[in-house]
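A.B. asks: Dropping the sequence and predicted coords here.
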Amino acid sequence: MLDLDKLNTQFESLKGLDAGQLSKAVKDHQNSLFKLLLVIGTIVLGVMMFNDYRAKDQDVHSRIKLLQAKLDVIKARDAAIQDLNNFKSSQRKKISEFDLITLISAYAKSENVTISSLSPAESQDMGLYDLININFTATSDDFKGLMLFIRKIEKSEYLLRINSWTGHEDGDGNINFTIQISAVQIHP
(Lines give C-alpha, C1' and ligand atoms only; values in the text may rest on other atoms or scores of the structure.)
Protein backbone atom coordinates (compact mmCIF):
# COMPACT_ATOMS: atom_id res chain seq x y z
CA MET A 1 0.00 0.00 0.00
CA LEU A 2 0.96 3.57 -0.54
CA ASP A 3 2.08 5.37 2.55
CA LEU A 4 0.60 8.86 2.31
CA ASP A 5 2.54 10.17 5.29
CA LYS A 6 5.89 9.38 3.62
CA LEU A 7 4.79 10.94 0.37
CA ASN A 8 3.61 14.04 2.16
CA THR A 9 6.97 14.31 3.97
CA GLN A 10 8.87 14.14 0.67
CA PHE A 11 6.72 16.88 -0.86
CA GLU A 12 7.26 19.09 2.20
CA SER A 13 11.04 18.69 1.88
CA LEU A 14 10.79 19.97 -1.69
CA LYS A 15 8.93 23.05 -0.48
CA GLY A 16 11.98 24.13 1.40
CA LEU A 17 14.17 23.91 -1.69
CA ASP A 18 14.93 27.24 -3.17
CA ALA A 19 16.63 28.34 -6.38
CA GLY A 20 19.83 29.35 -4.63
CA GLN A 21 20.35 25.93 -3.14
CA LEU A 22 19.60 24.34 -6.51
CA SER A 23 22.07 26.68 -8.22
CA LYS A 24 24.72 25.86 -5.63
CA ALA A 25 24.14 22.10 -6.05
CA VAL A 26 24.50 22.46 -9.83
CA LYS A 27 27.75 24.43 -9.44
CA ASP A 28 29.15 21.90 -6.97
CA HIS A 29 28.34 18.99 -9.24
CA GLN A 30 28.91 20.76 -12.55
CA ASN A 31 31.51 18.22 -13.79
CA SER A 32 29.33 15.29 -12.81
CA LEU A 33 26.29 16.79 -14.56
CA PHE A 34 28.39 17.52 -17.66
CA LYS A 35 29.63 13.92 -17.70
CA LEU A 36 26.06 12.66 -17.22
CA LEU A 37 24.78 14.83 -20.08
CA LEU A 38 27.72 13.70 -22.24
CA VAL A 39 26.94 10.03 -21.54
CA ILE A 40 23.23 10.54 -22.25
CA GLY A 41 24.05 12.47 -25.46
CA THR A 42 26.49 9.75 -26.55
CA ILE A 43 23.85 7.06 -25.95
CA VAL A 44 21.21 9.05 -27.88
CA LEU A 45 23.66 9.69 -30.73
CA GLY A 46 24.67 6.00 -30.74
CA VAL A 47 21.03 4.90 -30.96
CA MET A 48 20.41 7.34 -33.80
CA MET A 49 23.50 6.15 -35.67
CA PHE A 50 22.52 2.49 -35.16
CA ASN A 51 19.00 3.15 -36.50
CA ASP A 52 20.44 4.95 -39.53
CA TYR A 53 22.91 2.09 -40.15
CA ARG A 54 20.13 -0.51 -39.84
CA ALA A 55 17.91 1.40 -42.30
CA LYS A 56 20.77 1.71 -44.81
CA ASP A 57 21.68 -1.96 -44.33
CA GLN A 58 18.10 -3.04 -45.03
CA ASP A 59 18.04 -0.82 -48.13
CA VAL A 60 21.31 -2.33 -49.39
CA HIS A 61 20.04 -5.88 -48.79
CA SER A 62 16.77 -5.18 -50.59
CA ARG A 63 18.71 -3.73 -53.55
CA ILE A 64 21.00 -6.78 -53.58
CA LYS A 65 17.96 -9.09 -53.68
CA LEU A 66 16.43 -7.04 -56.51
CA LEU A 67 19.67 -7.10 -58.50
CA GLN A 68 20.06 -10.85 -57.87
CA ALA A 69 16.53 -11.42 -59.20
CA LYS A 70 17.34 -9.36 -62.29
CA LEU A 71 20.58 -11.28 -62.77
CA ASP A 72 18.71 -14.59 -62.50
CA VAL A 73 16.24 -13.43 -65.16
CA ILE A 74 19.09 -12.37 -67.45
CA LYS A 75 20.81 -15.74 -66.97
CA ALA A 76 17.56 -17.57 -67.74
CA ARG A 77 17.07 -15.47 -70.88
CA ASP A 78 20.65 -16.13 -72.02
CA ALA A 79 20.19 -19.87 -71.41
CA ALA A 80 16.94 -19.84 -73.41
CA ILE A 81 18.63 -17.99 -76.28
CA GLN A 82 21.50 -20.49 -76.22
CA ASP A 83 19.05 -23.41 -76.24
CA LEU A 84 17.19 -21.86 -79.19
CA ASN A 85 20.44 -21.34 -81.10
CA ASN A 86 21.50 -24.92 -80.37
CA PHE A 87 18.13 -26.15 -81.60
CA LYS A 88 18.36 -24.09 -84.78
CA SER A 89 21.92 -25.23 -85.48
CA SER A 90 20.89 -28.87 -85.04
CA GLN A 91 18.23 -28.55 -87.74
CA ARG A 92 18.76 -29.98 -91.15
CA LYS A 93 19.96 -27.88 -94.03
CA LYS A 94 17.72 -25.30 -95.66
CA ILE A 95 16.60 -25.67 -99.24
CA SER A 96 15.15 -23.23 -101.79
CA GLU A 97 12.35 -23.93 -104.28
CA PHE A 98 14.82 -24.36 -107.15
CA ASP A 99 17.13 -26.59 -105.09
CA LEU A 100 14.15 -28.72 -104.03
CA ILE A 101 13.20 -29.38 -107.65
CA THR A 102 16.83 -30.18 -108.49
CA LEU A 103 17.11 -32.53 -105.51
CA ILE A 104 13.90 -34.40 -106.36
CA SER A 105 15.07 -34.72 -109.97
CA ALA A 106 18.42 -36.16 -108.81
CA TYR A 107 16.68 -38.68 -106.53
CA ALA A 108 14.36 -39.67 -109.38
CA LYS A 109 17.23 -40.14 -111.83
CA SER A 110 19.20 -42.31 -109.37
CA GLU A 111 16.25 -44.72 -108.97
CA ASN A 112 15.13 -44.78 -112.64
CA VAL A 113 11.99 -42.74 -111.93
CA THR A 114 10.80 -40.50 -114.75
CA ILE A 115 9.06 -37.27 -113.78
CA SER A 116 6.46 -36.54 -116.45
CA SER A 117 4.89 -33.38 -115.05
CA LEU A 118 5.94 -31.00 -112.32
CA SER A 119 3.93 -28.16 -110.80
CA PRO A 120 5.86 -25.07 -109.75
CA ALA A 121 6.99 -25.04 -106.15
CA GLU A 122 5.03 -22.67 -103.96
CA SER A 123 6.36 -21.22 -100.73
CA GLN A 124 4.19 -20.20 -97.77
CA ASP A 125 5.31 -18.21 -94.74
CA MET A 126 3.87 -20.01 -91.69
CA GLY A 127 5.29 -17.63 -89.09
CA LEU A 128 8.16 -19.57 -87.51
CA TYR A 129 8.96 -21.47 -90.67
CA ASP A 130 8.45 -21.46 -94.45
CA LEU A 131 6.66 -24.35 -96.13
CA ILE A 132 7.54 -25.23 -99.74
CA ASN A 133 5.09 -27.53 -101.55
CA ILE A 134 5.77 -29.34 -104.82
CA ASN A 135 3.49 -31.70 -106.78
CA PHE A 136 4.54 -33.96 -109.62
CA THR A 137 3.55 -37.02 -111.60
CA ALA A 138 6.13 -39.69 -112.31
CA THR A 139 6.61 -43.20 -113.63
CA SER A 140 8.78 -46.00 -112.25
CA ASP A 141 9.78 -49.21 -114.00
CA ASP A 142 9.03 -51.28 -110.92
CA PHE A 143 7.70 -51.03 -107.37
CA LYS A 144 11.20 -51.40 -105.87
CA GLY A 145 12.44 -48.28 -107.69
CA LEU A 146 9.37 -46.35 -106.46
CA MET A 147 10.01 -47.38 -102.84
CA LEU A 148 13.73 -46.54 -103.03
CA PHE A 149 12.82 -43.11 -104.45
CA ILE A 150 10.37 -42.47 -101.60
CA ARG A 151 12.90 -43.69 -99.03
CA LYS A 152 15.54 -41.26 -100.38
CA ILE A 153 13.08 -38.40 -99.95
CA GLU A 154 12.26 -39.46 -96.39
CA LYS A 155 15.94 -39.92 -95.41
CA SER A 156 17.06 -36.68 -97.01
CA GLU A 157 19.37 -34.33 -95.14
CA TYR A 158 16.71 -31.65 -95.66
CA LEU A 159 13.40 -31.34 -93.80
CA LEU A 160 11.23 -33.06 -96.43
CA ARG A 161 7.87 -34.70 -95.91
CA ILE A 162 5.70 -36.71 -98.28
CA ASN A 163 2.21 -35.35 -97.78
CA SER A 164 0.47 -37.76 -100.13
CA TRP A 165 1.03 -40.12 -103.01
CA THR A 166 -1.22 -42.24 -105.14
CA GLY A 167 -0.29 -44.66 -107.84
CA HIS A 168 -1.40 -47.45 -110.13
CA GLU A 169 0.19 -49.99 -112.42
CA ASP A 170 -0.43 -49.63 -116.13
CA GLY A 171 -0.60 -52.46 -118.66
CA ASP A 172 3.16 -52.39 -119.35
CA GLY A 173 4.05 -53.06 -115.69
CA ASN A 174 5.16 -49.46 -115.07
CA ILE A 175 3.92 -47.72 -111.95
CA ASN A 176 2.45 -44.27 -112.49
CA PHE A 177 2.14 -42.13 -109.37
CA THR A 178 1.35 -38.63 -108.20
CA ILE A 179 3.14 -37.29 -105.15
CA GLN A 180 3.07 -34.12 -103.04
CA ILE A 181 6.20 -33.19 -101.08
CA SER A 182 6.70 -30.41 -98.54
CA ALA A 183 9.98 -28.90 -97.37
CA VAL A 184 10.22 -26.97 -94.10
CA GLN A 185 12.65 -24.12 -93.48
CA ILE A 186 12.79 -22.81 -89.91
CA HIS A 187 13.38 -19.05 -89.76
CA PRO A 188 16.64 -17.95 -88.18
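C.D. replies: Arrived safely, thanks for sending.
A.B. asks: pLDDT below threshold where in the chain?
C.D. replies: Counting by pLDDT under 70, the chain shows low-confidence ranges at 1-19, 21-22, 25-26, 91-93, 188.
A.B. asks: And the strands in it, which stretches?
C.D. replies: With DSSP state E as the criterion, the chain has strands at 113-118, 122-125, 129-140, 160-169, 175-186.
A.B. asks: now for the ones you listed, which one comes closest to residue 78?
C.D. replies: strand 175-186 (20.9 Å; CB to CB). Where C-beta positions appear, they are placed from N, C-alpha and C, glycine not excepted.
A.B. asks: Check what contacts the closest one and list those residues.
C.D. replies: Strand 175-186 is contacted from outside by 88, 91, 94-95, 100, 104, 128-143, 146, 150, 153, 158-170, using CB atoms under 8 Å, 6 or more residues apart in numbering.
A.B. asks: Could you tell me the angle between the top helix by length along the chain and strand 175-186?
C.D. replies: Ranked by number of residues, the top helix in the chain under DSSP state H is helix 30-90. Angle, helix 30-90 to strand 175-186, by axes from the mean of the first three to the mean of the last three CA atoms, to 10 degrees: 160 degrees.
A.B. asks: for the spatially most central residue of the chain, what are its contacts?
C.D. replies: Geometric centre of the chain, nearest residue: residue 77, 3.5 Å, by CA atoms, centre = their mean. Contacts here follow CB under 8 Å, 6+ apart; on that basis residue 77 touches nothing.
A.B. asks: And it, how far from residue 83?
C.D. replies: Going from residue 77 to residue 83 by CB to CB, to the nearest Å gives 11 Å.
A.B. asks: Please apply the same query to residue 59.
C.D. replies: Using CB to CB, one obtains 36 Å as the distance from residue 59 to residue 83.
A.B. asks: ok, now residue 122?
C.D. replies: 32 Å.
A.B. asks: now swap in residue 49 and tell me
C.D. replies: Look at residue 49 and residue 83: by CB to CB, they are 50 Å apart.
A.B. asks: what's the answer for residue 167, then?
C.D. replies: Computed as CB to CB, the residue 167 to residue 83 distance reads 42 Å.
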